[in-house]
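[1] Below are the sequence and a predicted model; questions follow.
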Amino acid sequence: MRILILGGDGYLGWPTAMHLTGQGHEVAVVDNYLRRRLCREENVEPLFEVPNLHERVDLWESVSGYKVPVFVGDLSEWDFIAEVFKSFTPEGIVHYAEQPAAPYSMLNRRAATLTLLNNLTVTANVIFAGREFCPDAHIVKIGTMGEYGTPNIDIEEGWLEVEHKGRRQNFLYPRQAGSLYHTTKIMDTDLLWFYVRMWGIRVTDLMQGPVYGLFTDENADMEQLLPFFNYDELFGTVLNRFVVQAVAGYPLTVYGKGEQTRGYLNIKDTLNCVYLSLESPAKPGELRIFNQFTEIFTVNQLAEHVQRVGTGLGMNVEIKPVKNPRKEAEEHYYNPKHTGLLELGLQPHYLTDEVLAEMMEAVLRHKDLIQHGHIYRQVKWA
Ligand SMILES: NC(=O)c1ccc[n+]([C@@H]2O[C@H](COP(=O)([O-])OP(=O)(O)OC[C@H]3O[C@@H](n4cnc5c(N)ncnc54)[C@H](O)[C@@H]3O)[C@@H](O)[C@H]2O)c1
């Protein structure tokens, strides 16, 4: 299959590109380095430098033999996306290309506007370019579990059957996000659902939980092929951050009561979820939604796990609850369903002591690069 990865330079995009070529697909990547630029502007660059997209593609070709064409440009510009879709004519589109950080979207008005305009314009352009240049292509969009928020009832996989005055209909599950970034993801889903109904496009929307990890089957032997790894409060995800904090001897920053509960997954499972979705695509006129996570943890459980494994490695890991800079429920009911991807064949990689120790050892090799000032800035959401 010809697969176009939008956001192919990103934390998930680059590992996905290597993984899908390894599975025999023809892959091209597109990116405008927005993520790198925002990290530089906010002075929160990833732990270690990674080569640019052209260099990564050359490295990957030298070890695997697979060629991956690179398109550098802004997908929110119609002329650029039209050119890319016209020349590559994908059969599968993996849409990662968004401003992906909730804290960044809450930083100030400029960051909020950038998130809103970038995310919605790219999604709309993907729909329009797909319609014009590859109408049968399957769009695999990465949404987020954060679209659902933390309702006091079970979370279904995308849809909820509602009975009202004796009649029934399936609706998109009610969504109520806790950040502007998550709100743009809800709007993306609504846009996609609208055009599924209008034009019969084929979409899989993957409601993904926070991802952790660095290693995949493709990069384990070559450090230069690792994805970039943020540990700051704006772009880092919680477990990746705790690992760096433990290695740095910086107390683990648990927000508030620490009973915030979410579904997490290993980066290896993200790649497989996307692969499985592409291999059995949504039908024309279908918006298929899967909840993409493998295990549920509270923030306290993650912190305690990192502390236990870190202590075993001889580190002195302290846990220090801090005043919650976010506006969120610190204790709540949480019971989301997540059977769809398992039924497609996902075999989860769970968060074992070994997985955590491997991450910690990788971060230890870069301990000198950790900048304490990057870790916690208290971006206030309220
Ligand atoms: N990492 C996670 O834990 C996680 C969890 C849930 C959902 N997601 C979603 O998965 C996707 C990928 O996340 P990630 O962590 O790899 O983020 P990322 O920022 O590393 O990757 C996104 C990439 O898209 C690129 N991009 C953004 N706007 C673009 C534009 N207009 N034109 C071209 N390229 C553009 C960025 O430069 C970046 O390289 C995002 O949509 C994110 O919202 C991520």
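    Arrived safely, thanks for sending.
[2] Which positions in this protein make contact with the ligand?
    Contacts of the chain with the ligand, taken as Cβ under 6 Å from any ligand atom, map to 7, 9-13, 30-35, 74-76, 96-98, 100, 118, 122, 142, 144, 208, 210-211, 237. C-beta coordinates here come from the backbone N, C-alpha and C atoms, glycine included.
[3] how about a cut-off of 5 Å?
    Along the chain, the residues adjacent to the ligand under the rule Cβ under 5 Å from any ligand atom are 7, 9-12, 31-32, 34-35, 74-76, 96-98, 100, 122, 142, 144, 208, 210-211, 237.
[4] ok, which stretches of the stretch 151-300 of the chain are helices?
    Under the criterion DSSP state H, counting those that start in this stretch, the stretch 151-300 of the chain contains helices at 180-199, 238-248, 267-279, 299-312.
[5] List phi and psi for the residue nearest to Leu278 when sequence neighbours are not counted.
    Using Cβ to Cβ, 6 or more residues apart in numbering and skipping the chain neighbours, the partner closest in space to Leu278 is Gly92 (4.6 Å). With angles defined as degrees, to the nearest 10, Gly92 sits at phi -130, psi 140.
[6] With the one 5 residues further on instead?
    Main-chain torsions, Ala97, degrees, to the nearest 10: phi -80, psi 80.
[7] do the same with Glu358
    phi -60, psi -40.
[8] and it, what does it touch?
    Contact analysis of Glu358 by Cβ atoms under 8 Å, 6 or more residues apart in numbering lists Phe215.
[9] could you dump stretch 215-226 to PDB, C-alpha only?
    Only the C-alpha atoms of stretch 215-226 are listed here, as PDB (Å, rounded to 0.1, in the frame of the first residue of the first chain):
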ATOM      1  CA  PHE A 215      12.400   2.000  21.500                       C
ATOM      2  CA  THR A 216      10.800   0.200  18.600                       C
ATOM      3  CA  ASP A 217      11.900  -2.900  16.700                       C
ATOM      4  CA  GLU A 218      13.400  -0.700  14.000                       C
ATOM      5  CA  ASN A 219      15.600   1.700  16.100                       C
ATOM      6  CA  ALA A 220      16.800  -0.500  18.900                       C
ATOM      7  CA  ASP A 221      20.300  -0.800  17.300                       C
ATOM      8  CA  MET A 222      20.900   2.700  16.100                       C
ATOM      9  CA  GLU A 223      20.600   5.600  18.500                       C
ATOM     10  CA  GLN A 224      20.400   8.200  15.700                       C
ATOM     11  CA  LEU A 225      17.100   6.600  14.600                       C
ATOM     12  CA  LEU A 226      15.400   7.300  18.000                       C
END
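[10] Sort out which of the residues of the chain next to the ligand are in helices and list them.
    Leu34, Arg35, Val122 (DSSP state H).
[11] so can I have TSV of those residues showing neighbour count and pLDDT?
    As requested, these are exported to TSV (neighbours: other Cβ atoms under 10 Å; pLDDT from 0 to 100):
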residue	neighbour count	pLDDT
Leu34	21	98
Arg35	24	98
Val122	25	98
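[12] ok, those vs Gly310, which is closest?
    Closest to Gly310 out of those is Arg35 (28.0 Å), distances taken as Cβ to Cβ.
[13] ok, now which ones touch the closest one?
    Going by Cβ under 8 Å, 6+ apart, the list of residues near Arg35 reads Asp9, Gly10, Tyr11, Gln99, Pro100, Phe228, Phe235.
[14] Can you tell me which of those comes closest to the ligand?
    Using Cβ to the nearest ligand atom, Gly10 is the member of the contacts of Arg35 that lies nearest the ligand, at 2.1 Å.
[15] residue contacts, the closest one?
    Gly10 touches Asp31, Arg35, Tyr96, Ala97, Pro100, Pro227, counting by Cβ under 8 Å, 6+ apart.
[16] Quick one, which of these are buried?
    Asp31, Arg35, Tyr96, Ala97, Pro100, Pro227 (16 or more other Cβ atoms under 10 Å).
[17] can you tell me which two in the residues you listed are farthest apart?
    The farthest-apart pair in the buried ones among the contacts of Gly10, when distances are taken by Cβ to Cβ, is Ala97 and Pro227, at 15.3 Å.
[18] mind listing what's buried in stretch 365-382?
    Ile370, His374, Ile375, Tyr376, Arg377, Val379, Trp381.
[19] any idea how far the third one lies from Arg288?
    Counting by Cβ to Cβ, to the nearest Å, the gap between Ile375 and Arg288 amounts to 38 Å.
[20] thinking again about what came up before, now that we have the helices of the stretch 151-300 of the chain, can you turn them into a markdown table and tack on mean neighbour count?
    A markdown table is the format used below for the helices of the stretch 151-300 of the chain (neighbours: other Cβ atoms under 10 Å):
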| stretch | mean neighbour count |
| --- | --- |
| helix 180-199 | 19 |
| helix 238-248 | 25 |
| helix 267-279 | 22 |
| helix 299-312 | 19 |
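[21] Let's have these in CSV, adding mean pLDDT.
    Shown next, in CSV, are these (pLDDT from 0 to 100):
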stretch, mean pLDDT
helix 180-199, 98
helix 238-248, 97
helix 267-279, 98
helix 299-312, 98
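[22] mind putting those in a markdown table, distance to Asn324 included?
    Converted to a markdown table, these look like this (distance: least, Cβ to Cβ, whole Å):
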| stretch | distance to Asn324 |
| --- | --- |
| helix 180-199 | 17 |
| helix 238-248 | 13 |
| helix 267-279 | 27 |
| helix 299-312 | 10 |
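[23] how about the strands of the stretch 201-350 of the chain, start to end?
    202-208, 211-212, 252-255, 261-266, 287-292, 295-298, 319-322 (DSSP state E, counting those that start in this stretch).
[24] meant to ask about the stretch 1-150 of the chain, not that
    Ranges of strands in the stretch 1-150 of the chain, per DSSP E, counting those that start in this stretch, are 2-6, 26-31, 70-72, 92-95, 138-144.
[25] what's near enough to touch the residue lying closest to His374 once chain neighbours are set aside?
    Closest residue to His374 apart from its sequence neighbours, by Cβ to Cβ, 6+ apart: Asp232 at 4.4 Å. Going by Cβ under 8 Å, 6+ apart, Asp232 touches Glu42, Val44, Arg241, His374, Ile375, Arg377.
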